[in-house]
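> heads up, no residue letters with this:
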């Protein structure tokens, strides 16, 4: 390192040269020699020495002490007095200038060296401390977070101006004790925060981190995240604790809105499937626990919704759904739950049912009110509904059984002419002969390739290029009504045919995609999406069957994406995790379907090898709702941070599409982009001849 540079202030030339010689011998550089105070000040400005050796009695109008005062006014240079004067008056004057040393002439070279080194070291430490303090002041003044510093010995707490500003106070309006902080914390959070501090001081936590509500000066509540860290002495005891508070009010409101939107239909604002199932589950539990109270569920399906959508457009269809939700809410009590399951399907949970006839009376009233015309897009529309009613007794143990029977009753009402309601009773369930017929259709379809697969395109944003297709199973037996997917899949699971049906779909779709890659080289980028039920996924040998299908059809594993419903996480997590890891090793990608319906979260998905999430239709917020836009932007941002691709399902309007593109969602799917297509129609699209 470069040696220190020293300025000599001495009016005796011989003494000055002697000091210079000694300094050179000790390895120091000499900036110069000044004989007067004026020369000393000038040389200090020109040479910027590291230290000054100052004689007190020097020539000129100002002596060494006055010179030192003038130099200190401009800089913090260390000054050592070299003088023959040691009288009290001189020493007292010199002391007032804060010298770094005082050596009496004549002196020993060793004493001079020690004094210089001590002065330089002290100056270095003081400069470092000063810089540190300046940095601290800059951080405190410039930080967006509020800084606090608690001296445990004195019980004094420093609160930065920004800390006070966060809760609306000026710098002089809050004291300097911990009690001053606690008094501004919401009473419901105060004890929890005090406990968090105590746990950290007791060494039970690595750091303090606590979310709490603080009272703003204007009486509003401010959510803050308080962080802190204790500094401990050699005995392990905490001596001080410092940290910050961050204003997280907007984040908390966004989280609350996200939770709300996860349980409510974005179009109508009423509860969605997830919230309805949750309320129905708790209602069943209460009924079982207290052995009292009557419950009923009404399942509604609009009879002419498709005609409105097709003839007047999706905005008109959306308006009809909104009007329907409004009518249903107007006819039910605050204790009841009206929800939209999706599409044009609504459900109502009636609690505290007055008697067995009451649900039928409600259903009758609903059919009457729904017939009331409404004006939409300049047209008078009358929309009726088919309603299925279930009276819940001891035989119902879970929500799926209730919804199944309500669905059966609704279909019976529709088959009897629509615009009516039917109450479920066991006779409506498939009789042994009917059940045998359904099973026979399933078996026949398996044996004779009687199933059909439709393919719904998935498009990339913003190019809207088709990058994948989802395989959708259809079964229309000869001389028989179509078997709805909601009946087909549960029936296949119940009779033990789900693996056979699922394997057929997977093999057929993989073979078709492999053929398309060969016939249409420009479509080699296309991925195939296939839905997999929980029972399929957890069945013995599933991964091996997928591997064999890929090998036999020649489809590249990376071209296959398996879509798994969120309900998979309600099963054996360890088993499911192992299966998903094995599928990933095959090269297959995995997607969580219907994300946001209430079963899991992005943080939970992070534990599994998931590539993509498909946002439930309820996540597609209207583009004119700024707050909802911020919520979906937050979800997409979190997914991006976790490295997940995002697909939006159920896109039906240009407004929805533009909104999602603006929010940088990766992919989309829905009737606006393309309805599900038969094989021939999709191939025409590949050839550029389809619509």
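Okay, I see it. These numbers were taken from a predicted model, which means no experiment stands behind them.

> okay, helices next: where are they in the stretch 201-350 of the chain?
Applying DSSP state H, counting those that start in this stretch to the stretch 201-350 of the chain gives helices spanning 249-262, 273-290, 305-312, 314-330.

> please tell me how far residue 226 sits from residue 256.
Per Cβ to Cβ, to the nearest Å, residue 226 is found 20 Å from residue 256. C-betas here are computed from N, CA, C, even on glycine.

> so between these two, which is more surrounded?
residue 226 (21 against 11; other Cβ atoms under 10 Å).

> now for the more buried one: which residues touch it?
193, 208-212, 243-245 (Cβ atoms under 8 Å, 6 or more residues apart in numbering).

> so what's the residue count around residue 228?
20.

> check the one 4 residues further on too.
Burial measure for residue 232: 14 neighbouring residues, criterion other Cβ under 10 Å.

> which residues sit in contact with it?
Contacts for residue 232 (Cβ under 8 Å, 6+ apart) come out as 238-239.

> same thing but at 6 Å, please
Listed by Cβ atoms under 6 Å, 6 or more residues apart in numbering, the contact partners of residue 232 are residue 238.

> state the pLDDT value of it.
With respect to pLDDT, residue 232 scores 90.

> how about residue 597?
48.

> again with residue 430
53.

> can you give me the helices for the stretch 501-650 of the chain?
534-538, 542-553, 573-586, 602-605, 626-641.

> reformat those helices as a markdown table; add mean neighbour count, distance to residue 463 and mean pLDDT.
What follows is these, written out as a markdown table (neighbours: other Cβ atoms under 10 Å; distance: least, Cβ to Cβ, whole Å; pLDDT from 0 to 100):
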| stretch | mean neighbour count | distance to residue 463 | mean pLDDT |
| --- | --- | --- | --- |
| helix 534-538 | 18 | 33 | 86 |
| helix 542-553 | 17 | 28 | 95 |
| helix 573-586 | 15 | 28 | 88 |
| helix 602-605 | 15 | 26 | 63 |
| helix 626-641 | 17 | 18 | 68 |
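
> which of those helices sits closest to residue 445?
With respect to residue 445, and counting by Cβ to Cβ, the nearest of the helices of the stretch 501-650 of the chain is helix 534-538 at 17.1 Å.

> so how far is the closest one from its chain's centroid?
From the chain centre to the centre of helix 534-538 is a distance of 29 Å (Cα atoms, centre = their mean, to the nearest Å).

> which residues sit against that helix?
Identification of contacts with helix 534-538 by Cβ under 6 Å, 6+ apart yields 493, 498, 502, 567-568, 579.

> can you rerun that using 10 Å?
Applying Cβ atoms under 10 Å, 6 or more residues apart in numbering, the contact partners of helix 534-538 are 489, 492-494, 496, 498-499, 501-503, 505-506, 542-543, 545-546, 562, 564-565, 567-572, 575-576, 579-580, 583.

> just the buried ones from the residues you listed, in PyMOL syntax?
Of those, the buried ones can be selected in PyMOL as follows, counting by 16 or more other Cβ atoms under 10 Å:
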select buried, resi 489+492+493+498+499+501+502+503+505+506+542+543+545+546+562+564+565+568+569+576+579+580+583
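
> among the contacts of helix 534-538, name the ones in strands.
Counting by DSSP state E, the members of those that fall within strands are 562, 564-565.

> which one of the residues you listed sits closest to residue 357?
In terms of Cβ to Cβ, no member of the ones in strands among the contacts of helix 534-538 lies closer to residue 357 than residue 565, at 37.5 Å.

> excluding chain neighbours, what is closest to the closest one?
Using Cβ to Cβ, 6 or more residues apart in numbering and skipping the chain neighbours, the partner closest in space to residue 565 is residue 593 (5.1 Å).

> got a list of what the one you found touches?
Taking Cβ under 10 Å, 6+ apart, one finds 470, 529, 531-532, 562-568, 612-616, 647, 649 in contact with residue 593.

> pull out the buried members of those residues.
470, 529, 531-532, 562-566, 568, 612-616, 647, 649.

> what number of residues lie near residue 525?
Applying other Cβ under 10 Å, we find 12 other residues in the vicinity of residue 525.

> name the SS class of the closest residue to it other than its chain neighbours, please.
In space, and not counting its chain neighbours, residue 525 is closest to residue 467: 6.3 Å by Cβ to Cβ, 6+ apart. Assigned by DSSP: H, G, I helix; E, B strand; the rest coil, the conformation of residue 467 is strand.

> tell me how far residue 467 lies from residue 460.
Separation of residue 467 from residue 460 (Cβ to Cβ) stands at 5 Å.

> quick revisit: output the helices of the stretch 501-650 of the chain in JSON lines, with distance to residue 250 appended to each entry.
Formatted as JSON lines, those follow (distance: least, Cβ to Cβ, whole Å):
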{"stretch": "helix 534-538", "distance to residue 250": "38"}
{"stretch": "helix 542-553", "distance to residue 250": "45"}
{"stretch": "helix 573-586", "distance to residue 250": "34"}
{"stretch": "helix 602-605", "distance to residue 250": "19"}
{"stretch": "helix 626-641", "distance to residue 250": "9"}
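
> of the ones you listed, which is nearest residue 129?
helix 626-641 (40.0 Å).

> hmm, back to that, which neighbours do residue 467 and residue 460 have in common?
Common contacts of residue 467 and residue 460, defined by Cβ under 10 Å, 6+ apart, comprise 525, 647, 666-667.

> may I ask which two of these are separated the most?
Pairwise across these, and taking Cβ to Cβ, the largest span is found between 525 and 647, at 15.7 Å.

> tell me the mean pLDDT for stretch 58-69?
Across stretch 58-69, the average pLDDT comes to 90.

> span of it from start to end?
Taking Cα to Cα, to the nearest Å, stretch 58-69 runs 15 Å from one end to the other.

> now do residue 287 against residue 403, distance only.
Per Cβ to Cβ, residue 287 is found 16 Å from residue 403.

> if you count surrounding residues, which of the two has more?
Taking neighbours as other Cβ under 10 Å, residue 287 and residue 403 compare with residue 403 leading, 21 against 18.

> Three-state assignment for the more buried one, please.
Assignment for residue 403 (three-state DSSP): helix.

> that one contacts residue 273, correct?
Yes: using Cβ atoms under 10 Å, residue 403 makes contact with residue 273 at a distance of 9.4 Å.

> common neighbours of those two, please.
When Cβ under 10 Å, 6+ apart defines a contact, the residues bordering residue 403 and residue 273 alike are 341, 347.

> any regions of the stretch 101-250 of the chain where pLDDT drops low?
Along the stretch 101-250 of the chain, segments meeting pLDDT under 70 span 132-144.

> would you state the strands of it in chain order?
For the stretch 101-250 of the chain, applying DSSP state E, counting those that start in this stretch gives strands covering 101-104, 146-151, 156-159, 208-215, 221-232, 238-247.

> quick one: which of the ones you listed is nearest residue 399?
Per Cβ to Cβ, nearest to residue 399 of the strands of the stretch 101-250 of the chain: strand 208-215, 33.2 Å.

> and that closest one, how far from the chain's centre?
The answer for strand 208-215 is 19 Å, by Cα atoms, centre = their mean.

> quick one on the thing from earlier: nearest to residue 685 among the ones in strands among the contacts of helix 534-538?
Using Cβ to Cβ, residue 562 is the member of the ones in strands among the contacts of helix 534-538 that sits closest to residue 685, with 23.9 Å.

> report the contact partners of that closest one.
Listed by Cβ under 10 Å, 6+ apart, the contact set of residue 562 reads 506, 528-532, 536-537, 546, 580, 583, 588-591, 593, 611.
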